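In: model this:
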Amino acid sequence: MPRTTREFFEDLRPHLLPVPRHGQPQVCRICLGAVGDSYEQCHSCYKLLVASDAPRSIQTRVVPMSIARNPGTWYSILQRYKKGAWAEHAPLVASFVWEWMTEHEDHLERLLGGGVDLLAVVPSKKPGITFESQVLVRALRLVKPLGARLEHVLDCRDSTCYGRTKYAPEMFTADRRSIVGKRVILIEDTWITGATAVSAAGALLEAGARCVVIVPIARDFKVEFHTEDHPYTSLIAPPYDLRIWPR
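Out: I've put the predicted structure just below:
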């Protein structure tokens with residue numbers, strides 16, 4: 001008998017870390033990652049979304065589904081499903097995305113200002129990777145209702161524009177005919193600096209999207225950058241609760 005998305009999610013749950021709520025001390029107000037005690041946002045978000053010409057609306061519309069401790073099991077799963085262990089880990093990734101988005105449909109609609117018009121993914125920057133061959137797209141399509149909502153509206157045009165903390169919407173081309181006036185959910189697998197996802201969201205907005213919400217599957221948390229007594233460590237310690245909305 002085929003396994004359900006909930007069964008896959010329950011297998012994964014012990015390895016998931018919760019996203020700290022917006023507004024807590026030493027939590028980036030934009031990506032909800034860890035920051036120092038005298039900052040409102042992390043360095044990457046400051047460069048990408050504060051000290052750039054990126055649309056200010058993006059600042060309040062980044063909602064990670066989980067935190068991935070690096071190194072850690074969930075982080076490894078997200079890396080390995082793209083590098084050879086697709087059959088083993090892709091069902092876990094897809095099931096988690098489906099369960100999270102189903103649970104938070106109302107929250108997402110409130111953040112968008114209305115119903116979700118289309119679901120998109122951040123395109124790969126690797127040469128020769130098409131929309132259909134992209135690992136994230138293939139994984140999400142394992143869950144038929146989720147895959148059916150995916151639309152090919154973005155392509156990477158010039159990856160040389162990329163910089164780890166650079167806002168570069170010119171890196172992408174957007175299908176204006178498909179997105180003008182639309183409310184878009186943009187899925188990214190792992191948010192590290194956010195440069196690719198933010199630039200992709202900017203390309204959608206410049207092409208006429210009404211609103212874009214970025215939902216990284218996981219926000220990376222590099223252990224080496226933070227001491228064990230950093231408050232963020234305790235914020236991501238509780239068991240993962242699918243019902244919690246961090247914004």
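In: List the contacts of the nearest residue to residue 222 once chain neighbours are set aside.
Out: Counting by C-beta to C-beta, 6 or more residues apart in numbering, residue 222 lies nearest to residue 70, which is 4.9 Å off, once chain neighbours are set aside. In short, each C-beta sits where N, CA and C put it, glycine included. Residues near residue 70 by C-beta atoms under 8 Å, 6 or more residues apart in numbering: 220, 221, 222, 223.
In: and stretch 111-128, how far from the chain's centre?
Out: 10 Å (C-alpha atoms, centre = their mean, to the nearest Å).
In: again, but for stretch 66-82
Out: In terms of C-alpha atoms, centre = their mean, the centre of stretch 66-82 is set 13 Å apart from its chain centre.
In: List the buried residues in it.
Out: Burial within stretch 66-82, assessed by neighbour count using 16 or more other C-beta atoms under 10 Å, is assigned to 66-70, 72, 74-79, 81-82.
In: what do you get for stretch 213-222?
Out: By 16+ other C-beta under 10 Å, the buried positions in stretch 213-222 come out as 213, 214, 215, 216, 217, 218, 219, 220, 221.
In: so where's the protein uncertain?
Out: Counting by pLDDT under 70, the chain contains low-confidence residues at 1, 225-228.
In: Identify the bridge partners of the residue nearest the centre of the chain.
Out: The centre of the chain sits closest to residue 216, judged by C-alpha atoms, centre = their mean, with a distance of 1.0 Å. Counting by DSSP bridges, residue 216 forms beta bridges with residue 188.
In: Equivalent analysis for the one 5 residues further on, please.
Out: Here residue 221 sits in beta bridges with residue 69, going by DSSP bridges.
In: what's the helix or strand where residue 232 lies in contact with?
Out: Using DSSP states H and E, residue 232 falls within helix 231-235. Residues outside helix 231-235 that contact it (C-beta under 8 Å, 6+ apart): 18, 20, 24, 25, 26, 27, 33, 34, 221, 226.
In: and the spatially closest residue to residue 93 that is not a sequence neighbour, what helix or strand is that in?
Out: Distance criterion C-beta to C-beta, 6+ apart; nearest residue to residue 93, sequence neighbours excluded, is residue 139 at 5.1 Å. Assigned by DSSP H and E, residue 139 belongs to helix 135-140.
In: distance between that helix and the chain's centre?
Out: On C-alpha atoms, centre = their mean, the centre of helix 135-140 falls 14 Å from that of its chain.
In: How about residues contacting it?
Out: 81-82, 86, 90-91, 93-94, 97, 121-122, 124, 131-132, 146-147, 150, 187, 189.
In: next structured bit after that helix?
Out: Assignment by DSSP H and E places the next element after helix 135-140 at helix 144-147.
In: what packs against that following helix?
Out: Judged by 3 or more C-beta pairs under 8 Å, 6 or more residues apart in numbering; DSSP states H and E, the packing partners of helix 144-147 are helix 86-103.
In: Residues contacting the helix it packs on, please?
Out: 3, 5-9, 11-12, 16, 65-66, 77-78, 80-81, 108, 135, 138-143, 145-146, 185, 187, 189, 215, 217, 242-243.
In: Which stretches in the protein count as strands?
Out: Ranges of strands within the chain are 67-70, 118-121, 154-156, 172-174, 183-191, 211-222, based on DSSP state E.
In: Could you provide these in JSON lines, with additional columns for distance to residue 56?
Out: Formatted as JSON lines, the strands of the chain follow (distance: least, C-beta to C-beta, whole Å):
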{"stretch": "strand 67-70", "distance to residue 56": "25"}
{"stretch": "strand 118-121", "distance to residue 56": "21"}
{"stretch": "strand 154-156", "distance to residue 56": "21"}
{"stretch": "strand 172-174", "distance to residue 56": "19"}
{"stretch": "strand 183-191", "distance to residue 56": "17"}
{"stretch": "strand 211-222", "distance to residue 56": "12"}
